[in-house]
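Colleague: 3D, please:
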Amino acid sequence: MHTGLTLWLVPSPEDSARLQKIMQIRPSQSSSQSSETSYPKFHPHITLASLPDPVPLATILSSIPDAQRALPVTFDAVEVGDHFFRSVYIAVRPTAALRDLHHHVHAKLGIPEKTPKYPHISLCYITDDDAAAGERTKYSRELEQSGRIRKDGNSVSLNCGESNEDDWLSEFNSPEIWIARCEGPVETWAVEKKISLR
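Modeller: Predicted structure coming up:
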């Protein structure tokens, strides 16, 4: 499990609410046996950096460029992963702006650039035990079979609409970076500071 502080790029409240509708979907043939640890609730985010403790808040804040603008985020694909924190996720287009910010933050903090599958947005966390029973694949397949995923050339859109309504999302601007303390059970993670981007 994660320990310590992480930097998250987050969608706007409106786009977060849209993504959370996708995150709340469950496979009709779910075989999850560990409901207390699979499918915990968490805020949609791109992990920008995981920080070793202790890092002073002022140091973390100084790692974010003063003139950092809101970053455009485009969805490339929905993929099934092989790790609890990357169970099923949106692979995000690794634009120069996203790569530059990632490099800048790590260089300023003096830490290695270790952010698996950067940039991505996890849609669910599923335990390895449930994954062994096919749960990650079932969740991904549920999105496909319920018409929630549409391929658009080199990108992908997700239908975040209620019931029969269409509300397709393929990109968003990330207006904030959050500093989150990710320790213990996922649902106890706490946001310690929100930084608005220009």
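
Colleague: Which residue, other than its chain neighbours, is closest to residue 149?
Modeller: Once flanking residues are discounted, residue 149 sits nearest to residue 143: 5.2 Å by CB to CB, 6 or more residues apart in numbering. All C-beta spots, glycine's among them, are computed from the backbone N, C-alpha and C.

Colleague: that's a helix at the one you found, yeah?
Modeller: Yes: per DSSP: H, G, I helix; E, B strand; the rest coil, residue 143 lies within a helix segment.

Colleague: which residues touch the top strand by length along the chain?
Modeller: The longest strand of the chain (DSSP state E) is strand 71-83. Here strand 71-83 makes contact (CB atoms under 8 Å, 6 or more residues apart in numbering) with 9, 11, 46, 87-93, 95, 97-98, 101, 116-117, 119, 121, 123, 131, 136-137, 140, 143, 149, 154-158, 169-174, 197.

Colleague: Run through the neighbouring helices and strands of the helix or strand that that strand is followed by.
Modeller: Using DSSP states H and E, the helix or strand that directly follows strand 71-83 along the chain is strand 86-92. Other helices and strands packing on strand 86-92, by 3 or more CB pairs under 8 Å, 6 or more residues apart in numbering; DSSP states H and E, are strand 71-83, strand 120-124, helix 135-145.

Colleague: Any regions of this structure where pLDDT drops low?
Modeller: 1-3, 31, 33-36 (pLDDT under 70).

Colleague: that older thread, ok, of the contacts of strand 71-83, which come out buried?
Modeller: 9, 11, 46, 87-92, 98, 101, 117, 119, 121, 123, 131, 136, 140, 143, 149, 156-158, 169, 172, 174, 197 (16 or more other CB atoms under 10 Å).

Colleague: Show the contacting residues for residue 57.
Modeller: Neighbouring residues of residue 57 by CB under 8 Å, 6+ apart: 179, 192-193.

Colleague: Format those as a markdown table; extra columns: distance to residue 81.
Modeller: Shown next, in a markdown table, are the contacts of residue 57 (distance: CB to CB, whole Å):
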| residue | distance to residue 81 |
| --- | --- |
| 179 | 24 |
| 192 | 27 |
| 193 | 28 |
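
Colleague: May I see those arranged in TSV, with neighbour count and distance to residue 5 as well?
Modeller: As requested, these are exported to TSV (neighbours: other CB atoms under 10 Å; distance: CB to CB, whole Å):
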residue	neighbour count	distance to residue 5
179	21	6
192	11	7
193	13	10
